[in-house]
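# Take a look and give me a structure for this.
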Amino acid sequence: MRRKKFKKLILALSLASVLFLFTGVHAVFASINFLPAKNFAVGIFPVGVTAADFNNDGNVDLAATNQFATNISVLLGDGAGNFGAATDFAAGNGPNGIVAADFNNDGNVDLAVTNLLDTDIAVLLGDGTGSFGAATDFTVGDTPFAIIDGDFNNDGNVDLAVANSDNNFISVLLGDGTGSFGAATAFTVGNGPVGIITADFNNNGNADLAVTNLIDSDVSVLLGDGTGSFGAPTDFAVGILPTGITTADVNNNGNADLAVAVSFENDVAVLLGDGTGSFGAPTDFAVGFFPFDITAGDFKNNGNADLAVTNQLAADISVLLGDGAGSFGAATDFAVGIFPTGITTADFDGNSRLDLAIANSGTDNVSVLLQQVYGGSSTPAPAADITVSNGNNTRAVTMTMQKKLYNLGFDPGPIDGIYGPKTQRAALQFLKSQGLLLKGR
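Below is the predicted model of the structure:
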């Protein structure tokens, strides 16, 4: 009896070693993979794209701006990564940027769109079924390009900020919670503002703004005072032709950082924030040809922020996996449509992994890239995703572990030598049953 218990203990310790090997080394260096793009038709020359649940069915939907038309296209998702035929809603002349939020506090998602040729934005209120009412226009600056939502005056209502590309200012419109907005207030930035993002850069509880200035090759940061007003901009050089911008805590220090698509230099500039509203010198990471828009998310579910960027002249996107210390690995490219412009991220198929949606201006469609998860019943991983450079045949080791787990009554999924989510869960359950699982694991 004691001999049997001893053998079980040895097995448990062996499983523990393999478990920590894979959840440590493997998790850091494993690659990422997306299935081939699914393409969904929208209007003429789609540019911007956003994701939200427009019909309150629990599935993520999409909306894209059609710049060469006067409308936007809404595609309702089925929760499995597919989308229905587009329904178009009038917006204005040259719709470009788009955001989704609840502007009238009725629990339904609404849309706001910048109209390049009308010097205004269009607000379309959603009815919760996937349909939207007639657009209401609000005047901003010349050639409004990008738009972001946030609560800039801390009243609980959604506000909007717009980058006006033919001016050297942004427009801030404060929402009243009924779906209407006050007159725009202008705040000076650099020349040719085309990208805008919001976060609390100085950790004072108020929303701040960061804007890319296409002509000046820099980013303007404006610190908010919590009343809807913003201080004078502080500029940070990034590179020639900065366009899209996103924010995340890429080095896990609790401060918001910035990542900028620098079109002319074919790279992404990452600026680490210090928590006071200032940023360090940019570190550049190579991507594809003429990067345009950018988004951030934890694509590997490892607690680190990753980046995805559209490469307009390469018909693909680049994904950069973060190491949690502010650095990123080499870009992995995935084919999409022609002239990819806007990009957004969400879980479209309900597998708890972030997917991507890209507006392809040259092919009049939206590409959806679903993240492929290895293990269980999914497709086997490529060799690069299961091999750890430790001199051992890790696939054979994992298969042996799976067999032993199965014989002990724990379900590791297919006995295929692939350390997927089911195998990890079974190993954790076994270790817990033996009292060998550390607290917090």
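
# make it CA atoms for all contacts and neighbour counts henceforth
Fine.

# Strands of the stretch 101-250 of the chain, start to end?
110-115, 120-124, 136-139, 144-150, 159-164, 169-173, 185-188, 193-199, 208-213, 218-222, 234-237, 242-248 (DSSP state E, counting those that start in this stretch).

# nearest to residue 70, of these?
Counting by C-alpha to C-alpha, residue 70 lies closest to strand 110-115 out of the strands of the stretch 101-250 of the chain; the figure is 8.7 Å.

# In its sheet, which strands sit next to that closest one, and in what direction?
strand 95-101 (antiparallel), strand 120-124 (antiparallel) (DSSP bridges).

# any chance of those in JSON lines, with mean pLDDT, mean neighbour count and distance to residue 57 too?
Output for the strands paired with strand 110-115, formatted as JSON lines (pLDDT from 0 to 100; neighbours: other C-alpha atoms under 10 Å; distance: least, C-alpha to C-alpha, whole Å):
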{"stretch": "strand 95-101", "mean pLDDT": "98", "mean neighbour count": "27", "distance to residue 57": "16"}
{"stretch": "strand 120-124", "mean pLDDT": "98", "mean neighbour count": "26", "distance to residue 57": "20"}
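
# so can I have CSV of these showing distance to residue 241?
Formatted as CSV, these follow (distance: least, C-alpha to C-alpha, whole Å):
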stretch, distance to residue 241
strand 95-101, 18
strand 120-124, 24
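
# So for residue 202, which of those strands sits nearest?
strand 95-101 (24.2 Å).

# got the angle for that closest one vs strand 193-199?
With axes from the mean of the first three to the mean of the last three C-alpha atoms, to 10 degrees applied, the angle from strand 95-101 to strand 193-199 works out at 10 degrees.

# hmm, who's touching strand 95-101?
If you take C-alpha atoms under 8 Å, 6 or more residues apart in numbering as the criterion, strand 95-101 is touched by 47-52, 64-72, 109-116, 145-149, 158.

# Now for the closest residue to residue 367 other than its chain neighbours, how many residues are close by?
Excluding the flanking residues, the one nearest residue 367 by C-alpha to C-alpha, 6 or more residues apart in numbering is residue 39, at 4.5 Å. Neighbourhood size, residue 39 [other C-alpha atoms under 10 Å]: 21.

# From residue 69, how far off is residue 39?
Distance, residue 39 to residue 69, by C-alpha to C-alpha, to the nearest Å: 19 Å.

# do the same with residue 365
13 Å.

# any low-confidence regions in the stretch 301-441 of the chain?
Scanning the stretch 301-441 of the chain for pLDDT under 70 picks out 374-400, 417-420, 428, 430-441.

# ok, now with 90
Low-confidence segments of the stretch 301-441 of the chain (pLDDT under 90): 372-441.

# any shared contact partners between residue 365 and residue 69?
Contact criterion C-alpha under 8 Å, 6+ apart; residues shared by residue 365 and residue 69: residue 43.

# All the helices of the stretch 151-300 of the chain, in order from the start?
All residues of the stretch 151-300 of the chain lie outside helices when identified by DSSP state H, counting those that start in this stretch.

# That should have said the stretch 1-150 of the chain, apologies.
So, for the stretch 1-150 of the chain - with DSSP H, counting those that start in this stretch - the helices run 2-21, 27-29.

# Where does the prediction get shaky in the stretch 101-250 of the chain?
In the stretch 101-250 of the chain, no residues with pLDDT under 90.

# Can you give me the neighbour number for the residue lying closest to residue 287 once chain neighbours are set aside?
Spatial nearest neighbour of residue 287, excluding adjacent residues (C-alpha to C-alpha, 6+ apart): residue 267 at 5.0 Å. The number of residues packed near residue 267 is 25, by other C-alpha under 10 Å.

# Can you spell out which residues form a bridge with residue 267?
Listed beta-bridge partners, residue 267: residue 262, residue 286 (assigned using DSSP bridges).

# Contacts only, for it.
Contacts of residue 267 (C-alpha under 8 Å, 6+ apart): 261, 284-288, 291.

# Over to residue 75?
Applying C-alpha under 8 Å, 6+ apart, we find residue 75 in contact with 61-63, 83-87.

# Same question for residue 187.
By C-alpha under 8 Å, 6+ apart, the contact list for residue 187 reads 169-172, 230, 232.

# Just the buried residues of the residues you listed.
169-172, 230 (16 or more other C-alpha atoms under 10 Å).

# surely residue 170 meets residue 148?
No: with contact defined as C-alpha atoms under 8 Å, residue 170 does not count as touching residue 148 (11.0 Å).

# Mind listing the shared neighbours of those two?
Residues touching both residue 170 and residue 148 (C-alpha under 8 Å, 6+ apart) are 161-162.

# What is the neighbour count of residue 339?
Other residues within reach of residue 339 by the criterion other C-alpha under 10 Å amount to 24.

# Could you pull up phi and psi at the residue lying closest to it once chain neighbours are set aside?
Leaving aside its sequence neighbours, residue 339 sits nearest to residue 312 (C-alpha to C-alpha, 6+ apart; 4.5 Å). The phi/psi pair for residue 312 (degrees, to the nearest 10) reads phi -60, psi -40.
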